[in-house]
Structure formats: C-alpha cells, structure tokens
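**Q** Sharing a model that was predicted from the sequence below.
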There are 2 protein chains.
Amino acid sequence: MITGKSLIGNSFIEDKDSEIFYTINALDESILPQKYFTASISQVDKAAELADKAFSVFSLKSTKERAKFLIKIISEINKIKKEIIVQYKLESGFPEGRAEIEFNRTINQINTFVNILNEGSYVKPIIKLEDENGPDLRKMFKPIGPIAVFGASNFPLAFSTAGGDTISALAAGCPVVLKGHPFHAGTSELVSQAVNSAVLKSELPEGVFSHLQGKSHRVGEQLVSNKNIKGVGFTGSYLGGKSLYDISQKRMDPIPVFAEMGSSNPIVVLPDKLKEDENLAEQISNSILLGTGQFCTNPGLIFLSSDSDNFLEQVKKIFSNSETSSMVHPSIKENYINKIKEHENLGVKIYRSKKNNSLASVGVITSENFLKNDFFKEEVFGPYSLIIKCKSVNQITEIINFLPGQLTGTILGSSNDIINNRNLVDVLEKKVGRLLFKGVPTGVSVTQSMCHGGPFPASTDSRFTSVGTDSIYRWLRPISYQNCPQDLLPDALKDLNPLDIKQIKTKN
Amino acid sequence: MITGKSLIGNSFIEDKDSEIFYTINALDESILPQKYFTASISQVDKAAELADKAFSVFSLKSTKERAKFLIKIISEINKIKKEIIVQYKLESGFPEGRAEIEFNRTINQINTFVNILNEGSYVKPIIKLEDENGPDLRKMFKPIGPIAVFGASNFPLAFSTAGGDTISALAAGCPVVLKGHPFHAGTSELVSQAVNSAVLKSELPEGVFSHLQGKSHRVGEQLVSNKNIKGVGFTGSYLGGKSLYDISQKRMDPIPVFAEMGSSNPIVVLPDKLKEDENLAEQISNSILLGTGQFCTNPGLIFLSSDSDNFLEQVKKIFSNSETSSMVHPSIKENYINKIKEHENLGVKIYRSKKNNSLASVGVITSENFLKNDFFKEEVFGPYSLIIKCKSVNQITEIINFLPGQLTGTILGSSNDIINNRNLVDVLEKKVGRLLFKGVPTGVSVTQSMCHGGPFPASTDSRFTSVGTDSIYRWLRPISYQNCPQDLLPDALKDLNPLDIKQIKTKN
C-alpha cells in the first residue's frame, strides 16, 4: 500500500506542513488520487544523518553479508511485483512488455552485484611485504560514504529506487538516500518499502536506506549540499544533472558526482552501407522509436554521407505510419513537441507520423544548415531523430569533431569503408563512451565490458560507467594500510586470505 | 644552459612584452641573475592547442613506444644531471644528499611506469563475445586528453617537470602542458629541455610536452580554463589547489582535477607506547624535522593520550638543539614563522630551537584549548608540530572525528592497545588515504600499494592516488567497442592478443 510519505531510516513519516503533490496517469494524463508529501527540511537532514551513522556499521559488514542483503532486496521486491508493475504502468505509461523487461533487468542487475560481492576480488587487494625498500604496505578499495541517488524519469525501476546507482552504492558498502522521481512517486515508494523490509530483515542499522519524496528542487539540492552525503548518482537531463553538479562543487568539501545527462548518440552511415543494406532504414527507425524514444542511447543525429534518397524515402514511409505510446509525463511530451517545432522554425524539414496521437517524427537538414545553429547538437528527448545530409565522409568527420561528448557513437559501413575512414573512427572515439560498428545504440547490455558514460556533457566524469559492475568504482576509494597488525587488517588484505580472493602480491 | 623562456611545443620562445621574474638562492635569499619570461596569453593557448593536436597521434602510439619515450626521458635527464643538481640546490636550498635522493626517486618513478607500459595490462582489457544475451563488447582504458601539470615547490624534481603527475600522464598517452613552479624556474627549464630532447629523438609530434614559465597566477588559471586541456594534476597548498579546482569546475565542460593540497597527518600515541618506547620522541621529532618539514606527509598534529610529561620533555630537548636547513623560498619561511606566531597568540606554548637560524619549533596545547579554534586543524608547512595533550583515547577519537581529510593518519601503540581502541582506528580510517600502525608518515614508498591522496581537502578526489603506478588511472577513461572489426580494434582487445597481456574474458 502506498502511503505517500518519505521513508526516513526505517519509518515512513509525514510532515504536517509538507507541500503535497500528485502523480499523473501517463496514458490519459489524468491526476492520480494518491497524495504525496514532499520531504521537509528536517526529514532530508535526518535521512542524511542516519545514513552517516549507518555507514560506520554498514561499511564494516563483510561482502558476503552485503550479498545476502541484496538477495533479500530481490526477494522483497519480488513479493510485491504485481503491485509494483500496476503502479509502474500507471505512472509511466509503459506497456506490460516493457514493464516485465525492466523489472527483470532490475533484478538481474542486483544479481550481478551479488555475484561480484560473493566473489569478493573487486576490492583489488594489493600486498607489498616489508623489505629493504620499504614498509609492509597493503591497499584495497573501501566505500566513500553515504550516497545520494536520484531516480530517473525514463527508468522507474532499473535506474531508480533499487536501480543501478542504488545497488552499486549499497554493494560498495555505502548507505543510500534516494530522492524518488516525482513522476513515479508511487512506484518508487513501493520499491522503497521492499528495500526497507530487506534492511530490517537483514538486521542492518537504520539509515542504510532512506527514500525522499518531493516535486520541489529544494529536496535534491538540500540533499546534495548536506555534509553527510559523500557522493551523488544521477541519470536525467542536462539541466537537472548540471545544477546538482554545480551545487556539489560549491560545498566546503566538493564531492564526486556521476551525472549521466543524456546524449544525441550520433550514427554515421558510410556510402556502401547506405547503398547495400536494405534493412537499415527499418533498423534505425526502430531504434529511434523504441520505448517512445525515451532511452539515453536513443539515436538523435543520423549523418548520411552520400546519395541518401532511397534511405530517406524509406525512413519517411516508416515514420508516417508509426504508432507510438505516450511519453512518461505530459511535461516531457510538451518539451518534445516544442523542440521539434523549434527545429522546424530553424529550417528543418519535419516528417510527422500520420497516425492519431503518434509522436513519431523525423527531421531532415543539410550539413550546411546544421552547422548554422548549435541548437541542433542538443538532445531531443523522444521518438525523433535529425538526419543530416552531408557532402562527404570528410565533412562528417569535421562535424563530429565539433560535437559535444556522447554516450555512444555508431559507424555503419562495410569493413573496407570503415577501415578507409580510420580518421572518422578516431575522431568519433574521442567523443564517446561506447563506439559501435554494427546495430544500434539502444539496448545497453549490463555486463562488465559495458561503458555507459562518456565525455562531458554525456556524463560529468568520463572515467566511470553507470552500467555494469564496474559502476561500483564510483563509490570506492583506495586506502593503504602500513604495518597494520594482522588482526586489524580487513580480511581482504590478511596473509591467510580468509576470503580466498585474488590478492595481488607486488614487490614494487 | 638556461634561457628563461617557455617551451612551446619544441621551441623555446621569448615574448617581447613578457613580465620578467627571477628565482632566489634559497640559502642566502639573494636574487639569482637569470631572467625568466612569463608565458604570454598566446603562448599558453598555443601550448594547449599543440597538445590537443599531438594527442591524436600520441594517444595511438603503442605502450611499448611510450615506454621507449620514457626511457629516452631518463637518458636525457641523466645527461644533464650535474647541471640540474647545481640549479636544484641553488633554487631549493636542499643539500646534496636530498638532491641525490630526489633525483634518483624521479628516475626510479619513471622506470616504474616504463615497466607497466612494457607489461601492458594496466589498460584492463575486458572481452565479452557475442552471445544470446548481447553483442560483442570489449572495454579498455584509454587516455582522456591533454593534461595541465603544476610543478610543486617542495619537490623540484620528483613532483615537478618530469615528476609523478607528468610521467603518469605521458605514460597514459596524454600530452602534458607543464606550468613550472616559479621558485625553481631554472631547474624546471633544464628538465623540460631534457624532456623536449626525448620528444624530438623519439620523433613524437610537437606538443606532446610544453613548459610554461610564470610567476603570475594568470598562466595557470588560463591553462586550466583552456578548452583543449582535459585534466589537471597539482601538488601544493590548499589555496592554490582549490582555486585551480574552482576554475576547472566553472568551465563549460568541467574537467577532472587531482589536487593534493597538504595535510596535518595526525599521529595518535596510545598510553602503552608513550610509556614504553624510549625512541619515540626521537623518531617523531626526526620525522617533523626531515627536509626542514617540507613534506606533504610531515606530521603536524600529535595527540597524546595520557601521562605524557616524559615524552614532552624529550621532544622539547631535541627541538631546542635542532638545526634546520633553510626553506625552499623566503615566502614559505615567512608564512611558517607567521603561523607559529599565530599559534602562540592563540595560547599555544611554543618551544623554539636555540640554535642560530634554526626554524625547528614545537607547540604544546591542551585538548580543551585545541577545540576552541579551527585554525589549529590547518596545516603549518614546515618543521613544526602541534602536540595536543588529551584526557583519554576516547577524547582523541572524538577530536579525530572532526578533523578534515588527511593524506595519512598514524596510530602508535602496542597491538593490544590498538585492538582495544578499534573505534579510533575506524574513525581515523574515514579521514585518511593511508593508515599507519608503526613508524612515521614521512617517506612515501613509490609502489603500487601506495595511496597518496585522501578525503577532501587532502585531495580533491579521494578515489585516486598521485603516487605509485595506479596514479595513471587519473588520466584514463574506459571505452567500449561494440562489434568492432578485428582490424580496427586496439591491439589490447584483439582476439589474437598480439600484446600478450592479461585479457579478462567475461560472459556477463
């Protein structure tokens, strides 16, 4: 049952003077009846304070104990799966299939962290024994402290309450204060109830997890400013991410922020491919339309190198008949529609779907006009892509060189075509976190080999990923122990290696 | 021969309208005759632009080629060792022995990076082949771009021109624009000549290394603001580091900055140790006085837990007879003397050396008075330490809990004493990058197991170290290659593993 209250430590608490807000049925845009209470100033501070207190105990739990806690989170989420899915569909407008996929992804993600915790070597223990060159010195990764995580509007489960940021932080040994996304406050609360049950059943200290409700920016801003918070995870818009980032950097003690702030995910189609691949228009169109275009890796810019009439005709045809679902919130839809209108005003030829209520659109522009306005480089969040007709691959390379940082970049071409355009590959590589040579950028596989991040403004720190188990390193820092008695060393660094993990022995 | 000019790419260039400055003989405080020309606005921009251009070529060089380049740097530095040492001693006032030690450390440091480049696995290749769960996805670390490095006043060689920051960045594949420290502009230029010879002899592109002279803050500020610079390495004062950090965060695209900004390196002496270790006073005093107290890890706060009269008497005696050398610059000495005067004005009992010109001093204060003023928590750079007489280990633990982040923390006691004060260990661990249980914090061994960094303000990002080969990760970011043709993959990720390095094969 949803209460509308924030979870502070282990208690759902309502503040009498709270500002009230509601979520919206994304499909019919009606206001849902449940009241939500914005977390008060004292609630935000209390959550951060409890997180700090919990850190001292939680950070000392063994990796195996933390693995058990994550398994408990899975079972508690599974217990209320039906209720979660109903609320998820209401608040996001996503269909049953997507709900199922995202729910499973969320569970699978947690399991990947269970696995690395049970294995245990992710702390990278390095041991140098005392010798003529220096003392006994042992290093490993340890958690940095309580983390503020922001739910993402486009992933109410997999990148929200028990999503990648939260789970990687908890796996690291960092308590989490979660700011629920106001678009899916109910879904977020349900998941927070499950996490809280797991905290209680695992007999972990109060404060390992708190959940703050709020529509006002004040809640997030206050949280990121709070001295007890030592890191931030965010997935969302440039405006939201950058403003939290700026707040974090103005603190007395700046803290690390990993904000994934979207991307236009350029696709470059080389001449051979354009001529020869008959399925290309469909493949790219499907990627643009997937989930009503609400993926971080949605391709927003398509660069065509040469004779592209046939491809363009196919794309126009596909789009004119495309149905889309609603978007996750009316305000997102409004933004989307306005941005396309702005493109149109700036001279882009827009092709809209002829189907009722469909949001599918595609724009076409020449490279010459594209270069006239930086606005075209900005992400248009939704089922839209801007196709840029270029004069040559060299011209595309020049344009790519002036693009901002991206999550992904895709080069589609025959092997020969790609190898002959090595310079394009090198230029695009500098701009992205993931470089594709086949397929489409949507569909982010959750593996250790994934990099989901990229140069600013795709993310605020290109040295980390927010997808895959390596995302845990955002919340860890190395500590060296010099001449530490065996009894006091963390198990990972002990001579007897009681955890049976991979210890690196070094002489220098 | 020293020219006084900045090295822009491969050319030492003088700007006619340059502001001129001089270095000082640190021993007798006389002005040295060599003129130095502050890098002009256009020179700073040119250096950064050349670095950006060089990056495209340099970042594609194989690790073996970069290893050869570093070996060439060693041989070029060795060629002019005599000249370097003479200038080093003049500008820093450090004696022959220290010069020799720091010179060798600089060379050895470069060699550690030669070794990891020749071995090659530091790029951490992870390979996931295409399967039913997803595409062929391979990840490795790649360089982030041109790095601005600032020479450190207290390490004219090992943390300056060809020091840890520069060499780790070059090893990573990042060009470096070095801002020489104005206190040792001559030493810095000589080393930059050696690096430049290595660039030329290795036939690397112009811009892999530039060297800017300047006393004005404008040079560094302009450099950190320059769009072509993608990261910053700094070792120095809080004021200097924080101001560069703030500039880097106000850019359109904030960039990572690793600033190591000093530390008070608290030492806690537990009751048993205080009673039983007769050499303790001498050991700690020597650490305070080493190199005239000009080490980042110099112990600045000594917490004594119980009956400490005997220890204090010994320390006073040692300090009253201690000789020190000069400090690296008259302005540093002046700061040092003023800070001690301020301690005295705030009620600290100061014991100064009775020897002529000696700067050795020690202060004694009660815990009660220590808590009255936050100023006591600030670093006093020089051969001084503040001894705090506390009532109990519990009180020390409480005080430590309110200290800012530190590079190191030391707990000296019998094994029993330490184990009985587990809470003190846990509280101190949260504050530091390196935790010692024996010896003193000075003497930073350059090994992979070293963490030289720590929570803010010890450093601006506790997730990295600036000493040891792991410091290279400050300048690397992961990139994933999805379905990349074998011919285009970096060697580290190829199926045939031509580099014969450790590739991690993963299924998820």
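**A** Perfect, thanks for sending it. Computed from a predicted model, the values in this text were never measured in an experiment.
**Q** Any chance you could note which residues of the stretch 301-450 of chain A sit beside chain B?
**A** Counting by Cβ under 8 Å from any Cβ of the partner chain, the stretch 301-450 of chain A comes close to chain B at A:404-405, A:415, A:418-419, A:422, A:425-426, A:429-430, A:432-439, A:443, A:445-450. Using the backbone N, CA and C atoms, a C-beta is placed for each residue, glycine as well.
**Q** Could you list the low-confidence segments of the stretch 151-300 of chain A?
**A** Within the stretch 151-300 of chain A, no stretch falls below the threshold (pLDDT under 70).
**Q** Chain B contacts on that one?
**A** A:245-246, A:249, A:253-256.
**Q** Among the residues you listed, which lie within strands?
**A** Members of these lying in strands (criterion: DSSP state E): none.
**Q** ok, longest helix in chain A?
**A** Secondary structure of chain A per DSSP state H: the longest helix is helix A:96-119.
**Q** For that helix, list every residue counted as buried.
**A** If you call a residue buried by 16 or more other Cβ atoms under 10 Å in any protein chain shown, then helix A:96-119 has these buried ones: A:98-99, A:102-103, A:105-107, A:109-114, A:116-117.
**Q** That one near chain B at all?
**A** Yes. Using Cβ under 8 Å from any Cβ, helix A:96-119 comes into contact with chain B via residue A:112.
**Q** I figured residue A:144 hits residue B:463, correct?
**A** Yes. In this structure residue A:144 lies within contact range of residue B:463 using Cβ atoms under 8 Å: 7.1 Å.
**Q** Okay, now the unreliable bits of chain A?
**A** Looking at chain A by pLDDT under 70, you get an empty list.
**Q** quick revisit: now, among the buried residues of helix A:96-119, which is nearest to chain B?
**A** residue A:112 (6.5 Å; Cβ to the nearest Cβ).
**Q** Find the nearest non-adjacent residue to the closest one, please.
**A** Leaving aside its sequence neighbours, residue A:112 sits nearest to residue A:469 (Cβ to Cβ, 6 or more residues apart in numbering or on different chains; 5.4 Å).
**Q** ranges for the strands of the stretch 101-250 of chain A?
**A** Chain-ordered strands for the stretch 101-250 of chain A, with DSSP state E, counting those that start in this stretch as the definition, fall at A:126-128, A:137-143, A:147-150, A:176-179, A:209-212, A:231-235.
**Q** Please convert these to JSON lines, extending it with mean neighbour count.
**A** Listed next are those as JSON lines, based on neighbours: other Cβ atoms under 10 Å in any protein chain shown:
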{"stretch": "strand A:126-128", "mean neighbour count": "23"}
{"stretch": "strand A:137-143", "mean neighbour count": "25"}
{"stretch": "strand A:147-150", "mean neighbour count": "30"}
{"stretch": "strand A:176-179", "mean neighbour count": "30"}
{"stretch": "strand A:209-212", "mean neighbour count": "30"}
{"stretch": "strand A:231-235", "mean neighbour count": "28"}
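**Q** And these: which comes nearest residue A:379?
**A** Nearest of the strands of the stretch 101-250 of chain A to residue A:379, taken as Cβ to Cβ: strand A:231-235 at 13.2 Å.
**Q** name the helices or strands packed onto the closest one?
**A** Packing partners of strand A:231-235 (3 or more Cβ pairs under 8 Å, 6 or more residues apart in numbering or on different chains; DSSP states H and E): strand A:147-150, helix A:164-172, helix A:238-250, strand A:257-260.
**Q** Run a quick neighbour tally on the nearest residue to residue A:502 once chain neighbours are set aside.
**A** Leaving aside its sequence neighbours, residue A:502 sits nearest to residue A:121 (Cβ to Cβ, 6+ apart; 4.2 Å). Residue A:121: 15 surrounding residues under other Cβ atoms under 10 Å in any protein chain shown.
**Q** now do residue A:129
**A** Counted with other Cβ under 10 Å, the neighbours of residue A:129 add up to 14.
**Q** For it, list the residues it contacts.
**A** A:136, A:505 (Cβ atoms under 8 Å, 6 or more residues apart in numbering or on different chains).
**Q** cool, residue A:290 as well?
**A** Counting by Cβ under 8 Å, 6+ apart, residue A:290 makes contact with A:298, A:442.
**Q** any idea how far residue A:498 is from the residue lying farthest from the centre of chain A?
**A** Distance to the chain centre peaks in chain A at residue A:132, reaching 47.5 Å (criterion: Cα atoms, centre = their mean). The gap separating residue A:132 from residue A:498 is 29 Å, by Cβ to Cβ, to the nearest Å.
**Q** now do residue A:7
**A** From residue A:7 to residue A:498 the distance is 36 Å (Cβ to Cβ).
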